[in-house]
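[1] my questions are about this predicted structure, shown below with the sequence.
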Amino acid sequence: MLRKQITFDTVREIGRSLSGAEEGTTYGSPALKVSGKMFACMAVHKSAEPNSLVVCIDFDQRDELLAADPNTYYLTDHYVDYATVLVRLARVQGDALRDLLRIAHRFVSAKTRRRSSVRRRQRART
């Protein structure tokens with residue numbers, strides 16, 4: 001049975017279902033954002049393989065993905081210090097991509113909320 005090829009259009013379709021998600025660009029590449037912060041985009045760095053997606057995710061979850069399925073998830077030296085993982089769109093399953101995008105959306109949303117909360121407290125002190 002042939003499976004549907006996953007492209008950024010698939011990513012975009014999944015992203016539209018996430019609360020507050022918006023389309024945009026990051027470094028000229030199509031991206032999904034929440035509160036203006038990117039949570040997924042097509043990889044543009046020359047170290048990434050063609051047709052790879054960059055997804056924001058915490059380091060522990062990234063390590064789990066890399067250990068569980070290195071044929072789908074990978075890193076290059078450029079991305080090691082960032083809370084991201086690279087995803088080979090040709091290899092990822094649709095349900096796994098959907099779960100990963102939900103995780104990334106939550107991760108970036110939580111980071112944004114924490115930053116806003118810190119800024120409010122700092123302004124209240126001054």
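    Good, I have the coordinates.

[2] what's near enough to touch the residue nearest the centre of the chain?
    Nearest to the mean C-alpha position of the chain, by C-alpha atoms, centre = their mean, lies residue 55 at 2.1 Å. For residue 55, the contact set (C-beta atoms under 8 Å, 6 or more residues apart in numbering) comprises 39-40, 84-87, 100-101, 104. For every residue, glycine as well, the C-beta is placed using N, CA and C.

[3] again, only using 10 Å
    11, 32, 38-41, 43, 61-62, 65, 73, 83-87, 92, 97, 100-101, 103-105, 107-108 (C-beta atoms under 10 Å, 6 or more residues apart in numbering).

[4] which of those fall within helices?
    Under the assignment DSSP state H, the contacts of residue 55 contribute 11, 61-62, 65, 97, 100-101, 103-105, 107-108 to helices.

[5] ok, back up a step: pull up the per-residue confidence for the residue nearest to the centre of the chain.
    Looking at residue 55, its pLDDT is 98.
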